[in-house]
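Participant: Predicted structure and sequence below. I'll ask about it afterward.
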Amino acid sequence: MKAIKDSTFVIFFIVFISLSAFIYSKTNPLIKSVVCPSTPVVQDEVSLEFDITAGNSDIVNIFVLITENGMYLARFYIDKEIESSDLFDLPKAFETKRFGFIAERGIYPDSFEVNVDVLDENFRSSYISCIINFAND
């Protein structure tokens, strides 16, 4: 009888380890908004910040799209292939880095949307958006 209990434990242990390894191997990147104002911005500029956490693969691309009412205004990206050591070092596997930039009132309209998308080596991505409203004077 004891041999059945021991073999059952071993089987459950192997299944648990296999399932854990499968889940661990499928970790997607994650973007968390750190600074995205929820109220109208009174200042002439706003600093936008995002924490980017890589899953089990290195991040290879960060793409930022800025739109007004769905219409394209601006875009920029940081790619693994571009020498970005002066700009931003992309997060490696399981690493979190803060990414940010400043939006100025004189460059952008009173209301616009910032979309940030990241892509890892295994073509998994994550996406977040932030709506910015500058207060009318």
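Facilitator: Received it, and whenever you're ready, just let me know what you need.

Participant: hey, let's count contacts and neighbours off CA atoms from now on
Facilitator: OK.

Participant: I'd guessed Val35 sits against Phe50; true?
Facilitator: Yes - counting by CA atoms under 8 Å, Phe50 is a contact partner of Val35 at 6.8 Å.

Participant: The two: who's more crowded?
Facilitator: The neighbour comparison of Val35 against Phe50 (other CA atoms under 10 Å) goes to Phe50, with 19 against 14.

Participant: May I have the beta-bridge partners of the more buried one?
Facilitator: Ser33, Phe99 (DSSP bridges).

Participant: ok, now how distant is it from Ser129?
Facilitator: 10 Å (CA to CA, to the nearest Å).

Participant: Ok, Phe13 next?
Facilitator: Counting by CA to CA - Phe13 and Ser129 are separated by 41 Å.

Participant: who has more neighbours, these two?
Facilitator: Applying other CA under 10 Å to Phe13 and Ser129 shows that Ser129 carries more neighbours, namely 17 against 12.

Participant: Any idea what the more buried one is bridged to?
Facilitator: Asn115.

Participant: Please read off the pLDDT at it from the model.
Facilitator: With respect to pLDDT, Ser129 has a value of 93.
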